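Q: Have a look; sequence and predicted model below, questions after that.
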Amino acid sequence: VAGSPLLHIPRKETFIPMYGAYGTGFRNKKHIASQQLILNYCFGHPDSTILLFPYGVGVNYINHNKTMANVKIQWAKHGTINQDDRFLNRSPIEMESEQNSRLAFDYVAIRDIAAGEEIFLDYGDAWERAWEDHVKVWEERRATKRNDSDYMSAHQWNTKFGNATLRTTEEALVDPYPANVHTRCHADLVDTPLKSWKKPGKVWEWSWQQCGFACEIVGRTRRVPTDDYVYNITLKTEALHRWDHRKVHSLTFDNVPREAIRFFDVKCSTDLHQDDVFRHPIVIPDRMLPQEWRIEGRTSSAPVKNMRDEEL
């Protein structure tokens, strides 16, 4: 069905920790809240410290379904997709100095697959138990409202309050916005000819590439004919991408319309960064895990077979 080279991470306990306490301008590195989302796409085993991340085309879209699984994983043939069987006989410590990928999976059909049928993989019993436990705890918290922190993403906030009157900086001290969102103003305020954005009929297009600049609401003025507000804002320019050599400047604009201002997520504050998110690697089948990869003292309950279909 597919093949994929693998990046190996010898020690999973050091793999991309996710720190807690967002909203303070930095992450509290003394509080490891969880691990990064990429862990959910890695393969691992309870008896080993090694993680394997597949980066072949499309393979990370294969979802879990124990009863409907139609593919399995096996080690790629030696010499294909950069597979080097010698790595199956090396310990995690020996693999730490290796920077290049020398392992690969084949995703093999275990039955006929119809055209248009979704590809499923059994992620393993340990993964399924972890998921069921996670859902149970989440449902309990939801039922008792202990998990209800009124979290709303910036997208949800814009959808619900996209036309609402914005609070000034002083008002926000008394009635603050959620710590996970902040206001940004459209880049056209800076990137268009001086005050040309004030021409009637200006359309503020917020494409997925448009993230504007961080801004604060200094004041607002009601427009009598339209019975809405325009805003006085301070804006700080910043480099928006690696090729943007824009210098940092603080700029002031007045009479900025509401549609030129939106809420954005504060870095590392979205729902996938919450402390209680699900994180668990896909389980490498026990038959595939080399003895050299196992934590000392742990052995397989059955003979370990690291080989492929033709050798099983």
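A: In hand now; what should we look at?

Q: Can you show me the strands along the stretch 151-300 of the chain?
A: 181-185, 213-223, 228-236, 250-257, 261-265, 282-283 (DSSP state E, counting those that start in this stretch).

Q: okay, these in a markdown table with distance to residue 11, mean pLDDT and mean neighbour count next?
A: Quick note: C-beta positions are derived from backbone N, CA and C, even for glycine. Supplementary listing: the strands of the stretch 151-300 of the chain in a markdown table, determined by distance: least, CB to CB, whole Å; pLDDT from 0 to 100; neighbours: other CB atoms under 10 Å:
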| stretch | distance to residue 11 | mean pLDDT | mean neighbour count |
| --- | --- | --- | --- |
| strand 181-185 | 36 | 94 | 21 |
| strand 213-223 | 37 | 93 | 16 |
| strand 228-236 | 40 | 93 | 19 |
| strand 250-257 | 44 | 91 | 15 |
| strand 261-265 | 31 | 95 | 20 |
| strand 282-283 | 18 | 96 | 21 |
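
Q: Can you say which of those is nearest to residue 47?
A: Closest approach to residue 47 among those is made by strand 282-283 (10.5 Å; CB to CB).

Q: Name the strands paired with that closest one and say parallel or antiparallel.
A: The sheet places strand 282-283 alongside strand 43-44 (parallel), with pairing taken from DSSP bridges.

Q: pLDDT of the partner strand, averaged?
A: Predicted confidence along strand 43-44 averages 95 (mean pLDDT).

Q: and after it, which helix or strand comes next?
A: Following the chain from strand 43-44 toward its C-terminal end, the next helix or strand by DSSP states H and E is strand 51-54.

Q: Let me see the residues that make contact with that following strand.
A: With CB atoms under 8 Å, 6 or more residues apart in numbering as the test, strand 51-54 has contacts from 4-9, 12, 15, 38-39, 41-44, 60, 103, 105, 281, 284.

Q: for the protein, which residue is closest to the average position?
A: residue 37 (4.8 Å; CA atoms, centre = their mean).

Q: ok, which stretches of the protein are helices?
A: Assigned by DSSP state H, the helices in the chain fall at 92-95, 125-144, 154-161, 169-174, 188-191.
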